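**Student:** structure here, sequence nowhere to be found:
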């Protein structure tokens, strides 16, 4: 079975450029999550969607970050303009929607982003 | 969200059992105990979760104390591929998955 698919795997770009990260969740999952991992801050939740609707974006660092989920099989995380402090590994995860806290999340392999 | 406490690191020998402890003294009655692991250069991977009873799956076993204030992830026979950071996370209704620092497991050949 295909897992969560993220692209690109690596991205190197210059400060000020627009960066778009892509995610395809597991088919049938209706919750999608974007995380960021750095050495300093560990793994942080940025935003999550239920049934393509953003539910909690309190983790999005600032207005330069935006996320969309136009349909059940695709989501993007965009940074515009990018800054060196945005350098991190960005993970996408998906799960079945639930309310009790017992659904496992399945993670992609991440996008390693470097902003020069 | 209730917090968990894990040792920073642990070492084990290949082919021996590993017991990874987690303390969660402020756990609420509806919090599930989740374990994830992250191998080097990979995304986190779900391992197991439970509420009150001990749980077994193909990857590991989860032993939950009777008062639920602690739990132990058991790898029955460690392999080199089990070297990873293991996260113990409490998750209640409509709550997020909040990752702490986890415990770094090293496996000696």
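**Tutor:** Sure thing, it's come through. Since we're looking at a predicted model, the values are computed, not measured.
**Student:** CA atoms for contacts and neighbours, from now on please.
**Tutor:** OK.
**Student:** could you find the closest non-adjacent residue to whatever residue of chain B ends up closest to chain A?
**Tutor:** In chain B, the residue that lies nearest chain A is residue B:93 (4.0 Å; Cα to the nearest Cα). Once flanking residues are discounted, residue B:93 sits nearest to residue A:100: 4.0 Å by Cα to Cα, 6 or more residues apart in numbering or on different chains.
**Student:** and the residue of chain B closest to chain A, how many neighbours does it have?
**Tutor:** Neighbourhood size, residue B:93 [other Cα atoms under 10 Å in any protein chain shown]: 13.
**Student:** which SSE is it in?
**Tutor:** Assigned by DSSP states H and E, residue B:93 belongs to no helix or strand.
**Student:** what residues are up against it?
**Tutor:** A:99, A:100, A:101, B:30, B:31 (Cα atoms under 8 Å, 6 or more residues apart in numbering or on different chains).
**Student:** any idea how far the first one is from residue B:66?
**Tutor:** Put plainly, it is residue A:99. For residue A:99, the distance to residue B:66 equals 25 Å [Cα to Cα, to the nearest Å].
**Student:** hmm, back to that, the residue nearest to residue B:93 contacts residue B:90, doesn't it?
**Tutor:** No - when contacts are counted by Cα atoms under 8 Å, residue A:100 is not listed as touching residue B:90 (11.7 Å).
**Student:** neighbour-wise, which of these two wins?
**Tutor:** The residue with more neighbours, out of residue A:100 and residue B:90, is residue B:90; 29 against 14, by other Cα under 10 Å.
**Student:** state the distance from that one to residue A:85.
**Tutor:** Applying Cα to Cα to residue B:90 and residue A:85 gives a distance of 30 Å.
**Student:** which residues of chain A lie near chain B?
**Tutor:** Counting by Cα under 8 Å from any Cα of the partner chain, chain A comes close to chain B at A:42-45, A:91, A:98-102, A:104-110.
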